[in-house]
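Peer 1: Sequence isn't available, so here's the structure alone:
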């Protein structure tokens, strides 16, 4: 650990915190239909979209209608993406498929369609050797926008449920999704893509370049419409790379500036949504308290990963592993030399705190404790900033539980921003919390106990192999998409089951959120009393942080101790496995 590494963390944090208020104000104005700077440009386009789609923008939905619209939209999008992948060899030719790539195999096409529909972007394939330009743009990049918009829509629907009183509706899904894409994601991505092109990221439809190396060998240099996909990959917390090496590839992440901007892009919208929460509910302090809880957990995670990766490897003897002007020190396996340990640790922490999955290093090569932290980040429910929208509605579930626990402690009916928290609300919150570990642990157990379909894909035995399978199902169910890549998941069984886990981890958890939003919206507002627990204080931040950590420990600690912890103990005892 070096002063320079901490300086980079401080610069990133300051830039992030500076952006929270202005972007939060803009998001709240967009999602509540207030006037913005972009209205003269986008308002006519928005009206045209509603007219072509037959949408009455003034007609709001109850939570069931909202959920059905969301599920129907996602289902149709999934099927269309699957068909594009399967037929890409026929649909795309010439400049849309200059490599002449054939259609994608059935199980892999299913896995990929489910992955991008759910904002997971898990990739069981080599993108530049599997997907045509048409599939990349019309199938995958489209979903990067759509899935991010779905997350934002659910988040603002829940905030409306908290804000409104005696209301049977929580908004209009089509309006929320359209405005999220049109006013937020599209302009931000257009600007970000141009910045990436300026920094050297390719944006073309050329055939791959054939080059002769110094050893007189032929080399194929892949390229394509990379910058446009890279922008929404980060801003939408998607994470699916145009290249197999993802953000470690110099065409996706060529400079220190692009590395910084990509990390900021992952967090900037989720962080700003907390300010939107405070502004729309009339309690700005509450939004800052929620942001503070996220930031505390983020800082703790980065500190742990940075420390773990900076330690000398106990199995390497005879060389100096201390940091110096000419050596990075610590564990450099699987890391880009141009980023080093500090930036690799920061990127890994950010991408697993959010449901992004983009990587600039190999998580499978992290130390056992470093790998445990990034795995734990996902297991917490990705509420530490989290995905676009998903992070906000995820942490609001823990807010509900925290208020409920505080109410029990003082012997009064829990209240949250003027709403009494009753049994139905707690049931929906606990359903959300319990679905997540149930899917992960059940599927991990099945594959660990299956020598052929589960263990047969491992490149590592022992605790590390267990962690690779656990990480795969955690990443899929948590809609993260990063991987411990020692596991070959491109098999029929893994592709099918991981696809199911992604859909379950996305939509089985969204439905209780919308049910909670609908129930809260129907409640009457009650004035605060002496027994009301304040949700805009440092004490609330401490309680919220504690509830997140305790629930995470109760559900996942036993299996974590069997994987990364046991691997750490074996590594430091000098055993190879």
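Peer 2: Noted; the coordinates are in hand. Because the structure is a prediction, the values reported are computed rather than measured. Numbers count the residues shown, from 1 in each chain.
Peer 1: Check which helices and strands the lengthiest helix in the chain sits against.
Peer 2: Ranked by number of residues, the top helix in the chain under DSSP state H is helix 492-522. Secondary-structure packing of helix 492-522 (3 or more Cβ pairs under 8 Å, 6 or more residues apart in numbering; DSSP states H and E): helix 63-86, helix 106-117, helix 142-163, helix 390-410, helix 423-448, helix 462-477. Quick note: C-beta positions are derived from backbone N, CA and C, even for glycine.
Peer 1: what is the rounded mean pLDDT of that helix?
Peer 2: The average pLDDT for helix 492-522 rounds to 95.
Peer 1: Only the buried residues of it, if you could.
Peer 2: Across helix 492-522, burial judged by 16 or more other Cβ atoms under 10 Å covers 493-522.
Peer 1: if you go through the stretch 201-350 of the chain in chain order, where are the strands?
Peer 2: For the stretch 201-350 of the chain, the strands defined by DSSP state E, counting those that start in this stretch cover 209-212, 218-221.
Peer 1: nearest residue to the spatially most central residue of the chain other than its sequence neighbours?
Peer 2: A centroid search over the chain (Cα atoms, centre = their mean) returns residue 355, at 1.1 Å, as the residue closest to the centre. Distances taken as Cβ to Cβ, 6 or more residues apart in numbering place residue 387 nearest to residue 355, at 3.2 Å, with adjacent residues excluded.
Peer 1: go on, residue 535?
Peer 2: Per Cβ to Cβ, 6+ apart, closest to residue 535 is residue 286, 4.9 Å.
Peer 1: do the same with residue 223
Peer 2: Counting by Cβ to Cβ, 6+ apart, residue 202 is the residue found nearest to residue 223 once chain neighbours are left out, at 4.4 Å.
Peer 1: And the one you found, what's its pLDDT?
Peer 2: 94.
Peer 1: so who does it touch?
Peer 2: 223-227, 251 (Cβ atoms under 8 Å, 6 or more residues apart in numbering).
Peer 1: Sitting in helices, which of these do you find?
Peer 2: In helices, defined here by DSSP H, the members of those are 226-227.
Peer 1: any idea how far the closest residue to residue 95 other than its chain neighbours lies from residue 224?
Peer 2: Distances taken as Cβ to Cβ, 6+ apart place residue 205 nearest to residue 95, at 4.8 Å, with adjacent residues excluded. Between residue 205 and residue 224 the distance is 7 Å, computed by Cβ to Cβ, to the nearest Å.
Peer 1: and for those two, which residues touch both?
Peer 2: residue 133.
Peer 1: Who has more neighbours out of the two?
Peer 2: Using other Cβ atoms under 10 Å as the criterion, residue 205 and residue 224 rank with residue 224 on top: 26 against 14.
Peer 1: Wait, that one touches residue 242, no?
Peer 2: Yes: if you go by Cβ atoms under 8 Å, residue 224 and residue 242 touch, sitting 6.5 Å apart.
Peer 1: Identify the contacts common to the two.
Peer 2: Residues touching both residue 224 and residue 242 (Cβ under 8 Å, 6+ apart): 128, 136.
Peer 1: returning to that earlier point: in a markdown table, list the strands of the stretch 201-350 of the chain along with distance to residue 89.
Peer 2: Formatted as a markdown table, the strands of the stretch 201-350 of the chain follow (distance: least, Cβ to Cβ, whole Å):
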| stretch | distance to residue 89 |
| --- | --- |
| strand 209-212 | 21 |
| strand 218-221 | 19 |
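Peer 1: If you rank every helix and strand of this structure by mean pLDDT, what lands last?
Peer 2: helix 566-572 (a mean of 61; mean pLDDT, DSSP states H and E).
Peer 1: Can you give me the pLDDT of residue 92?
Peer 2: Looking at residue 92, its pLDDT stands at 74.
Peer 1: Okay, now the unreliable bits of this protein?
Peer 2: Along the chain, the parts satisfying pLDDT under 70 run over 315-321, 325-326, 557-577.
Peer 1: And the residue of it positioned farthest from its centre, how far from residue 412?
Peer 2: Within the chain, residue 216 marks the point farthest from the mean C-alpha position, 42.4 Å out by Cα atoms, centre = their mean. Using Cβ to Cβ, residue 216 is found at 80 Å from residue 412.
Peer 1: Residue 469 is in contact with residue 489, isn't it?
Peer 2: No: if you go by Cβ under 8 Å, residue 469 and residue 489 don't touch, sitting 9.4 Å apart.
Peer 1: between the two, which one's more packed in?
Peer 2: Legend: neighbour count by other Cβ under 10 Å for residue 469 and residue 489, higher for residue 469 (26 against 22).
Peer 1: Take the contacts of residue 202 and write them to CSV, including distance to residue 392.
Peer 2: Shown next, in CSV, are the contacts of residue 202 (distance: Cβ to Cβ, whole Å):
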residue, distance to residue 392
223, 36
224, 33
225, 30
226, 29
227, 28
251, 32
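Peer 1: Residue 145: which of the contacts of residue 202 is nearest?
Peer 2: Nearest to residue 145, judged by Cβ to Cβ, of the contacts of residue 202 is residue 225 at 14.3 Å.
Peer 1: ok, the closest one - contacts?
Peer 2: Residue 225 neighbours (Cβ under 8 Å, 6+ apart): 133, 136-137, 141, 202-205, 242.
Peer 1: Name whatever forms a beta bridge with it.
Peer 2: Note on residue 225: beta-bridge partners by DSSP bridges are residue 203.
Peer 1: Quick check: the gap between residue 337 and residue 187.
Peer 2: With Cβ to Cβ as the criterion, residue 337 and residue 187 are 35 Å apart.
Peer 1: about what we covered before: counting neighbours, which of the contacts of residue 225 comes out on top?
Peer 2: Neighbour counts for the contacts of residue 225 peak at residue 242, which has 27 neighbours (criterion: other Cβ under 10 Å).
Peer 1: That residue: what's its closest spatial neighbour, skipping adjacent residues?
Peer 2: residue 226 (4.7 Å).
Peer 1: ok, now residue 160?
Peer 2: residue 170 (5.0 Å).
Peer 1: Repeat that for residue 117.
Peer 2: The nearest residue in space to residue 117 (Cβ to Cβ, 6+ apart) is residue 78, at 4.4 Å.
Peer 1: Just give the number of residues close to the one you found.
Peer 2: Residue 78 has 20 neighbours, counted by other Cβ under 10 Å.
Peer 1: what's the answer for residue 304, then?
Peer 2: What residue 304 shows, counting by other Cβ under 10 Å, is a neighbour count of 19.
Peer 1: The nearest residue to it once chain neighbours are set aside and residue 134, how far apart?
Peer 2: Distances taken as Cβ to Cβ, 6+ apart put residue 373 closest to residue 304, at 4.7 Å, once the chain neighbours are dropped. With distances taken as Cβ to Cβ, residue 373 is found 39 Å from residue 134.
Peer 1: So for these two, which sits in the more crowded spot?
Peer 2: Between residue 373 and residue 134, counted using other Cβ under 10 Å, the more crowded position is residue 373 (25 against 19).
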